[in-house]
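Asks: Just the structure for this:
(chains A and B)
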Amino acid sequence: MRGLDVELLWWEGCPSTDRALAAVREALTDVGLGDVSVQMREIRTDGDALESGFVGSPTILIDGADLVPAADDEPAGLSCRVYRRRDGRISPIPDPDDLREALRRAAERAEVN
Amino acid sequence: MTLTIGEVAPDFSLLDTQGRKWSVASYDGAPATVLVFTCNHCPYALAWQDRIAEVANDYAARGVRVLAVNSNDADRYPRDSPDAMKERVSREEWKIPYLHDATQEVAREYGAKVTPDVFVLDAEGRLRYRGAPDADYDNPGERAEWLREALDAVLSGSIVARPETKPVGCSIKWK
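Replies: Predicted coordinates:
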């Protein structure tokens, strides 16, 4: 089984980066992937955002795929990303259950491959 | 420039989504005024919005006025355009006037940094509280408690025990 690539794209204009990183690490541990490292990538400019398809901070990529795929009309740019918790609340970071579920799915795909 | 606790807040003249003009003079007579710098797309501002609306509702009978101000650069962030503000007010049935600070002068004069950034003024227009609505955007049970504490103190003529807290949210999008 190959390892997972987990990447956290962040912009300094949002204070959610530390909390998001902690949430990703906790989710990795919860699903038995505590040894997977999280790569941090700073998005500094509008150009960086456009080039990366960055729709807000934090964006979490698992094997290059967005944990929560953005809507097609979501503009790329330097902003803070809006997530919705499973109970409907708005949050600057993803729901922990969504994180765990995405990581489990990615781990299953990695095993198959 | 940053407004400090005890200073008289600068005057302004801004239009809300209904085209009504608001200024310092327009809240003469209010025992307290809350200015909330906010916007349409910041998750922190969105997460706290209901709690701020509840404060506006709960304190309205005591004459407290709550005004929301959007200072973001609408050219780079079209979701903060006047049309988008108007649409949101209508869709969410806002009772709080939503003011557009197109030049960003008000945000600069107040020293607002993020959304939401809360300023409480007393009857004389002096700043009595500045900061976050409460300790945790993620916990609706906090009920904007820091803001409520400040308002209760201002309304009772006592000292605000916690006059400043660190505002938490998305940076204001400057031009």
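Asks: how many neighbours does residue 64 have?
Replies: Picking chain A for this. The number of residues packed around residue A:64, counting by other C-beta atoms under 10 Å in any protein chain shown, is 7. Where C-beta positions appear, they are placed from N, C-alpha and C, glycine not excepted.
Asks: please go with chain B instead
Replies: Neighbour number of residue B:64 under other C-beta under 10 Å is 20.
Asks: Just to check, it is in contact with residue B:31?
Replies: Yes. Using C-beta atoms under 8 Å, residue B:64 is in contact with residue B:31, at 6.7 Å.
Asks: what is in contact with the two at once?
Replies: The contact sets of residue B:64 and residue B:31 overlap at residue B:155 (C-beta atoms under 8 Å, 6 or more residues apart in numbering or on different chains).
Asks: from the middle of its chain, how far away would the helix-or-strand element of chain A with minimal mean pLDDT be?
Replies: Least confident helix or strand, chain A: helix A:96-112 with a mean of 89, by mean pLDDT, DSSP states H and E. Distance of helix A:96-112 from the chain centroid (C-alpha atoms, centre = their mean, to the nearest Å) equals 12 Å.
Asks: Quick one: residues in contact with that helix.
Replies: A:1-4, A:6, A:23-24, A:26-28, A:30-33, A:60, A:62-63, A:65, A:67-68, A:86.
Asks: contacting residues for residue A:24?
Replies: Contacts of residue A:24 (C-beta under 8 Å, 6+ apart): A:6, A:8, A:38, A:60, A:99.
Asks: let's see it at 10 Å
Replies: Contacts for residue A:24 (C-beta atoms under 10 Å, 6 or more residues apart in numbering or on different chains) come out as A:6-8, A:36, A:38, A:58, A:60, A:62, A:67, A:93-94, A:96, A:99, A:103.
Asks: Now, those residues that are in strands?
Replies: Cross-referencing the contacts of residue A:24 against strands under DSSP state E gives A:6, A:7, A:8, A:38, A:60, A:62.
Asks: Next one: the residue nearest to residue B:6 when sequence neighbours are not counted relative to chain A, how far apart?
Replies: The shortest distance from residue B:6 to any non-neighbouring residue, by C-beta to C-beta, 6 or more residues apart in numbering or on different chains, is to residue B:126 (5.9 Å). Separation of residue B:126 from chain A (C-beta to the nearest C-beta, to the nearest Å) stands at 29 Å.
Asks: Same question for residue B:147.
Replies: Applying C-beta to the nearest C-beta to residue B:147 and chain A gives a distance of 19 Å.
Asks: distance between the ends of stretch B:89-102?
Replies: 17 Å (C-alpha to C-alpha, to the nearest Å).
Asks: no, scratch that, I was asking about stretch B:100-114
Replies: 15 Å.
Asks: where exactly do the helices run in the chain?
Replies: If you meant another chain, say so; for now it's chain A. A:17-30, A:46-52, A:96-112 (DSSP state H).
Asks: look at chain B instead
Replies: Ranges of helices in chain B, per DSSP H, are B:43-59, B:82-91, B:105-110, B:145-156.
Asks: Does the shortest one reach chain A?
Replies: Yep, that's helix B:105-110 we're talking about. No. With C-beta under 10 Å from any C-beta of the partner chain as the criterion, chain A is not reached by helix B:105-110; the gap is at least 14.8 Å.
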